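Chemist: Below is the sequence, then the predicted model.
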Number of protein chains: 2
Amino acid sequence: MGEETHSTGTPRRRGRPRKDQSLPGSPRMLLIRAGLAVLTEKGFSAAGLDEIVAAAGVPKGSFYHYFDSKDAFGLALIDAYADYFVRKLDRCFENEARPPLMRLRDFLDDARAGMARHGYRRGCLIGNLGQEMNVLPEPFRERLAAVFRDWEARTARCLRAARAAGEIAADLDCDRIAKFFWIGWEGAVLRAKLERSPAPLDAFFEGFLALLHMGSTVSGRQPACSGQF
Amino acid sequence: MGEETHSTGTPRRRGRPRKDQSLPGSPRMLLIRAGLAVLTEKGFSAAGLDEIVAAAGVPKGSFYHYFDSKDAFGLALIDAYADYFVRKLDRCFENEARPPLMRLRDFLDDARAGMARHGYRRGCLIGNLGQEMNVLPEPFRERLAAVFRDWEARTARCLRAARAAGEIAADLDCDRIAKFFWIGWEGAVLRAKLERSPAPLDAFFEGFLALLHMGSTVSGRQPACSGQF
DNA sequence: TATTTTTTAGACCGATCGTCTTGCAAAATG
DNA sequence: CATTTTGCAAGACGATCGGTCTAAAAAATA
């Protein structure tokens, strides 16, 4: 009461209205995009704001207009990366046109292509920040852990689909396997960066697949694509 | 010739003789010890020399007497850590008093205890530096990769002993499995740091053991300690 | 004691870090 | 148009970074 309100409920204020900072070309989005590129490559501590604002083509002075601090920026990057990655996961894991186990392989192929595209220099933002946990502010921890829980849940869902389809043994614990996958996968991305090669990704994935086919010898099914582990 | 030489062959020179810098109490060793503590926790980029020399109780000016640069110091730390770690690996993997597969578990127990002792803040130096590869000088890459090759070789030897003892299936490729182990293990250490918990170490290890018992259902052997993967 | 060399000691440097203050341009209202 | 309110940009700022430098103490030989 007393304040004039818009039909949408927004109080019509005087002064210059703020731009929509969720638009792709907005400075905020440019900063986030540049920040993702830099931090997936160098991590948080080694990434300077100067480099990020330069890559974004945004004046340094503007940075603190859009973000309270480098820390707050980092948290925003986690959210942005989580969003981007969940879309990728869903595109793979919920692709009904493919058998569930092949969806996992689609994810591998996607990741391998992504790392190759960037010369094996960019890794996983979540893994990078996780490694730096001891020099990051405490709020990062729960946020990163939550992202992993989410990825694990989506992966477990895909695994259950595979189990329901009879692609993997019926007595496998899909939640534990999904946990196992993400624990090891981050190690594989790390090694791929170190060796500048997709081999660690493949090596881990093949081992993981072999694990999935445990007990399949009993039911007589042959592993489709695993090596001789 | 022309120079006076000791009976040991060392040319006895004038001036203050240099201390043995491999002695435990020497400044150089204090710096390396402090550097290992700081870098296993914070990585290379986030670790400042000021912090390291303070922790070592050595004046900053002395640092550059013993090391040419922070980079050179980092390489020395890799060597020191590799030495320390190889001793640990051999203590576990070549312990003839234990069956080969149990030696692997001994390593797990040792690592779990080590991480707990430091509050799950210190990780693996090699993994930390590997994650930072893009912001490290190029010589680090080959050095780190060589360390992993060494660890893999020692692990593969232990696995072959297990295979010879009939603890694991005869058709398993021990070299590939060893590679798989170290790829995933570094991911497990990363997650343990993130979650400040030993659970990721155990989760990965149990999955790894399950992988080793592939085909054991055929030969009728029961997994000794793996969960229901 | 005089000389030579190693080691200690910390002030100091330019560069870069994240942050903040300040001022002006833009776009609304009255 | 004048006013108001805000968005945004530019650069200054202190702290800290890795690294350098000079000087002197320490410990040996001559």
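Modeler: Looks like it came in fine.
Chemist: A:S197 looks like it's in a strand, true?
Modeler: No - using DSSP: H, G, I helix; E, B strand; the rest coil, the assignment for A:S197 is coil, not a strand.
Chemist: Just to be sure, A:I126 is in a helix?
Modeler: Yes - under three-state DSSP, A:I126 sits within a helix.
Chemist: and it, what pLDDT?
Modeler: At A:I126, the pLDDT value in this model is 98.
Chemist: nearest spatial neighbour of it, skipping sequence neighbours?
Modeler: Counting by CB to CB, 6 or more residues apart in numbering or on different chains, A:V147 is the residue found nearest to A:I126 once chain neighbours are left out, at 5.3 Å. (Each C-beta comes from the backbone N, C-alpha and C, glycine too.)
Chemist: Next, that neighbour: secondary structure please.
Modeler: helix.
Chemist: can I assume it is in contact with A:D83?
Modeler: No - using CB atoms under 8 Å, A:V147 makes no contact with A:D83, being 10.3 Å away.
Chemist: Compare neighbour counts for those two and give me the winner.
Modeler: Comparing A:V147 with A:D83 by other CB atoms under 10 Å in any protein chain shown, the one with more neighbours is A:V147, at 21 against 10.
Chemist: which residues of chain A score low on pLDDT?
Modeler: A:1-24, A:215-229 (pLDDT under 70).
Chemist: Report the closest residue of it relative to chain B.
Modeler: Nearest residue of chain A to chain B: A:G187, at 2.6 Å (CB to the nearest CB).
Chemist: Now for that residue: which residues touch it?
Modeler: A:F204, B:G127, B:I183, B:G184, B:W185, B:E186, B:G187, B:A188, B:L190 (CB atoms under 8 Å, 6 or more residues apart in numbering or on different chains).
Chemist: Please apply the same query to A:G114.
Modeler: A:G114 sits next to A:R122 when contact means CB under 8 Å, 6+ apart.
Chemist: Let me know the helix or strand that it is in.
Modeler: Here A:G114, judged by DSSP states H and E, is contained in helix A:100-117.
Chemist: can you give me the helices for chain A?
Modeler: A:27-42, A:49-56, A:60-66, A:70-93, A:100-117, A:125-131, A:139-164, A:174-195, A:199-212, A:216-219 (DSSP state H).
Chemist: Point out the other elements, helices or strands, that the third one touches.
Modeler: It stands for helix A:60-66. The contact analysis (3 or more CB pairs under 8 Å, 6 or more residues apart in numbering or on different chains; DSSP states H and E) places helix A:60-66 against helix A:27-42, helix A:49-56.
Chemist: Could you find the closest non-adjacent residue to the residue positioned nearest the centre of chain A?
Modeler: In chain A, the centroid-proximal residue (CA atoms, centre = their mean) is A:F85; its distance is 3.9 Å. Nearest residue to A:F85, sequence neighbours excluded (CB to CB, 6+ apart): A:W151, at 7.3 Å.
Chemist: circling back: report the contact partners of the residue nearest to the centre of chain A.
Modeler: Counting by CB under 8 Å, 6+ apart, A:F85 touches A:I126, A:V147, A:W151.
Chemist: any idea how far whichever residue of chain A sits closest to DNA strand D is from A:F44?
Modeler: Nearest to DNA strand D in chain A, going by CB to the nearest atom of the strand, is A:G61, at a distance of 1.6 Å. Distance of A:G61 to A:F44, computed by CB to CB, to the nearest Å: 22 Å.
Chemist: Same drill for these two, tell me which one is more crowded.
Modeler: A direct count of neighbours by other CB under 10 Å for A:G61 and A:F44 places A:F44 higher, at 24 against 8.
Chemist: just checking, the more buried one touches A:N134?
Modeler: No - at 11.5 Å, A:F44 and A:N134 do not qualify as touching, with contact defined as CB under 8 Å.
Chemist: Just want the angle from the helix holding A:G114 to helix A:199-212.
Modeler: Counting by axes from the mean of the first three to the mean of the last three CA atoms, to 10 degrees, helix A:100-117 lies at 170 degrees to helix A:199-212.
Chemist: Report the buried residues of helix A:100-117.
Modeler: Across helix A:100-117, burial judged by 16 or more other CB atoms under 10 Å in any protein chain shown covers A:P100, A:L101, A:M102, A:R103, A:L104, A:R105, A:F107, A:L108, A:A111, A:R112, A:M115.
Chemist: Over to stretch A:51-69?
Modeler: For stretch A:51-69, a neighbour-count test (16+ other CB under 10 Å) marks A:I52, A:V53, A:A56, A:V58, A:F63, A:Y66, A:F67 as buried.
Chemist: Touching, the first one and A:V38? I think so.
Modeler: Yes - when contacts are counted by CB under 8 Å, A:I52 is listed as touching A:V38 (5.3 Å).
Chemist: related to what we said a few turns ago, disregarding residues adjacent in the polypeptide, which is nearest to the residue of chain A closest to chain B?
Modeler: Using CB to CB, 6+ apart, the closest residue to A:G187 is B:G187 (2.6 Å).
Chemist: re the thing from before, how far away is the residue nearest to the centre of chain A from B:E186?
Modeler: 21 Å.
Chemist: What of A:F67?
Modeler: Distance, A:F67 to B:E186, by CB to CB: 32 Å.
Chemist: How about A:A72?
Modeler: 30 Å.
Chemist: And these two? Which one has more around it.
Modeler: Between A:A72 and B:E186, counting by other CB under 10 Å, B:E186 is the more crowded of the two (29 against 14).
Chemist: what about the closest residue to DNA strand C within chain A, neighbour count?
Modeler: Residue of chain A nearest DNA strand C, by CB to the nearest atom of the strand: A:G48 (2.6 Å). Other residues near A:G48 come to 12 when the count uses other CB under 10 Å.
Chemist: A:L77 now?
Modeler: By other CB under 10 Å, the residues close to A:L77 number 24.
Chemist: which residue packs closest to it, ignoring adjacent ones?
Modeler: Leaving aside its sequence neighbours, A:L77 sits nearest to A:G35 (CB to CB, 6+ apart; 5.0 Å).
Chemist: ok, that neighbour - contacts?
Modeler: If you count contacts by CB under 8 Å, 6+ apart, A:G35 has them with A:A47, A:I52, A:A56, A:F73, A:L77.
Chemist: wait, isn't the last one in contact with A:I126?
Modeler: By that I understand A:L77. No - assessed by CB under 8 Å, A:L77 is found out of contact with A:I126, at 10.2 Å.
Chemist: farthest pair in the buried residues of helix A:100-117?
Modeler: A:P100 and A:M115 (23.7 Å; CB to CB).
Chemist: what's the distance between A:I183 and B:C158?
Modeler: For A:I183, the distance to B:C158 equals 22 Å [CB to CB].
Chemist: Have a look at the two and say which one is more surrounded.
Modeler: More crowded of A:I183 and B:C158, by other CB under 10 Å: A:I183, with 26 against 22.
Chemist: Surely the more buried one is in contact with B:D202?
Modeler: No - using CB under 8 Å, A:I183 is not in contact with B:D202; the gap is 10.2 Å.
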